[in-house]
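1. sequence plus predicted model, see below.
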Amino acid sequence: MALSILPIFAQYSVPSNLVANFERPGFITSAGQTSDAAIVKVLANTRLKLGLDYDIAAKPQAIENAKTLVLVLGVSNKGLGAAGLSLEQEIERVKNIVAEALKNNTRIISIHTGGTARRGEASNQVIELCVPVSNVVIVVEGGNNDGFFTSLCEKNNVPLVQVPSIAEAGNVLMSLFAAQ
Amino acid sequence: MKKLFLVWFVLIGLFVSQAQTENGVALVMSEVKAGKGVEKILSLSDFSSQVKGTPFDTPVFFLGDIAGLLTKNAPEGFLSGKVAERQESTSKDYTVAIIAGAHANEIAGTLAAYWIIEHCRVSGGTLIVVPRANASAATWSISNAAAPILHYGARLSNLAHENGPDPDFFIPASALESFPALSGQEVRNLNRRYPGDPMGNRTSQTAYAITQLLMQNHVNAALDLHEASPGSSLAWSIITRPEYLDIAALAVLQIEEETGKSFHLESSREEFAGYSHWEWGKLGIRAFLVETLNPAQPSDDPTVDQIYNDKAPLAERIYIHLCTVKALVASAYEELGDLVALNIEGLPSSKEEVQKWLLGME
């Protein structure tokens, strides 16, 4: 995670030391109950055939065997309601799942695809929780219009790959995983 | 071009303002001309008679292979020569419904439906289009906002057309006990009245007729086209029940590839009682609520230039609605598996093509 230079890969090139650097089994969950997690799941598994496990509201034990955890960032009040969770309960769940990942040396990829709609105060809380513990952050550019991800990644020495579209976020995700 | 448009707009505005507003069917038929792909036109009252002859009755357009669809009530002359007799619909039919105009101030959805009616041909299944689900709402406006081709209406039914006054508060019929009461005027919000009640107010009767339309024609997938204000988190989103999120997610990817617009998804829940997608979904219909962004909402600001708006021009919103129709029809079909693919010809290839149509320059 510690890099001497913290480039923002505006042309969505991926740092060479991260290419094929993440292993499977991988697990996708949300951090904030955004349904964008379903988009990332379909992108990763239906389109790119990465074969990652998925549970939008996964508990820590679900990721015990994962070598890579993909966190889809963004708070959705509707998603919280559908899962029967308050924001505080969801933040606790995310803290627990991150702690499980760190305990098992599971590497973390954080993805934000929801643009400005997933950048309110609650979403920012979740982002501030997940970005510092991530090995790489992928953000679709609309979600970083204010440079929030840029400054947070710089501060925490986390590489940031900014892409123009959700499809390109998928291409970055594909490049991160080692071939099986 | 702007000058030409203004002249055209004034003429069209005069024309539509003279349309008979006491009959919903007449109002809608004054705004749209059925193209060659339309096989038959029924009225919503053919599916539930309570709205017959009221400002809530509205045309229902059928495109594609309609032999298996309900035709018993088709008015004389409304059936094309291809339709000989009614046959029972079978599970092999792939039938999609496009419902627009539930909120008549969310104009891009209705115009997208009008595009389909005027330009498209369908094969491999049936497309049912209701461009003005709440025709009564098209007869009044809270701010005299205007748009080309159609009446810029209101979010709610016209109170003058209802069969009673608004209550003090309103709770959708299928809501849980914990559901917070809505403002009484929401009793005239079509998208809070599904699945509808034949004994309810006119808006609820309309919702009931639409639900009957979907059920009697064995609709597999239904799209409800809406718009949201710039400040709403719903702008540029698809909302659906949890079981249909994957279908919507696939569509989001296709929409982005075609238009460059990244939609987000919202998962609905019990608090969406009375909403189209929630209630239709209970009936096994793959139901999706689609929201583009209308810069004039929520006040229906009449000073907003819909055509040349720099954030969300009308042609772009219509184009994106139509791309969403194509994407959701395709991804819902993928999930359904063994049915014949529904092919829609005549969708626009660019927003510029839609702009020419809006300006009468095709």
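-> Nice, thanks for sending it over.

2. bridged to B:A287, which residues?
-> The bridge-partner assignment for B:A287, based on DSSP bridges, gives B:A222.

3. pretty sure it sits against B:V219.
-> No: the pair formed by B:A287 and B:V219 falls short of the contact definition of CB atoms under 8 Å, at 9.1 Å. C-beta: built from backbone N, CA, C; applies to glycine.

4. what about these two, which has more around it?
-> A count of neighbours by other CB atoms under 10 Å in any protein chain shown puts B:A287 above the other of B:A287 and B:V219, at 29 against 24.

5. work out for me the element A:I109 sits within.
-> In this structure, A:I109 is located in strand A:107-112 according to DSSP states H and E.

6. for that strand, name the packing helices and strands.
-> Under the contact criterion of 3 or more CB pairs under 8 Å, 6 or more residues apart in numbering or on different chains; DSSP states H and E, the helices and strands touching strand A:107-112 comprise strand A:68-73, helix A:87-103, helix A:121-130, strand A:136-140, helix A:166-176.

7. write out the residues of chain A neighbouring chain B.
-> Those residues of chain A that sit near chain B, judged by CB under 8 Å from any CB of the partner chain, are A:34-36, A:38-39, A:41-43, A:46-47, A:76, A:78-79, A:81-82, A:113-115, A:117-118, A:140, A:142, A:165-167.

8. tell me where chain A is predicted with low confidence.
-> Applying pLDDT under 70 to chain A flags the ranges A:1-11.

9. OK, contacts around the residue nearest to the spatial centre of it?
-> What sits nearest the mean C-alpha location of chain A, by CA atoms, centre = their mean, is A:S110, with 1.9 Å. Going by CB atoms under 8 Å, 6 or more residues apart in numbering or on different chains, A:S110 touches A:A31, A:V70, A:L71, A:L73, A:I127, A:C130, A:V131, A:S134, A:V136, A:V137, A:I138.

10. check A:L102 too.
-> When contacts are counted by CB under 8 Å, 6+ apart, A:L102 touches A:V133.

11. compute the distance between it and chain B, please.
-> Taken as CB to the nearest CB, to the nearest Å, the spacing of A:L102 relative to chain B amounts to 29 Å.

12. pLDDT on whichever helix or strand B:L111 is part of, on average?
-> Applying DSSP H and E as the criterion places B:L111 in helix B:107-119. For helix B:107-119, mean pLDDT is 98.

13. list the buried ones in the helix or strand following that helix?
-> Per DSSP H and E, helix B:107-119 leads on to strand B:121-123 as the next helix or strand towards the C-terminus. Within strand B:121-123, the residues that count as buried by 16 or more other CB atoms under 10 Å in any protein chain shown are B:R121, B:V122, B:S123.

14. and the contacts of strand B:121-123?
-> In this structure, residues lying in contact with strand B:121-123 by CB under 8 Å, 6+ apart are B:K36, B:G37, B:L63, B:G64, B:D65, B:L342, B:N343, B:I344, B:E345, B:G346.

15. show me which of those are buried.
-> Judged by neighbour count, with 16+ other CB under 10 Å as the criterion, the buried members of the contacts of strand B:121-123 are B:G37, B:L63, B:G64, B:D65, B:L342, B:I344, B:G346.

16. relative to chain A, which of the residues you listed is nearest.
-> Proximity of the buried ones among the contacts of strand B:121-123 to chain A, judged by CB to the nearest CB, is greatest for B:L342, which lies at 20.2 Å.

17. fine, thanks again, bye for now.
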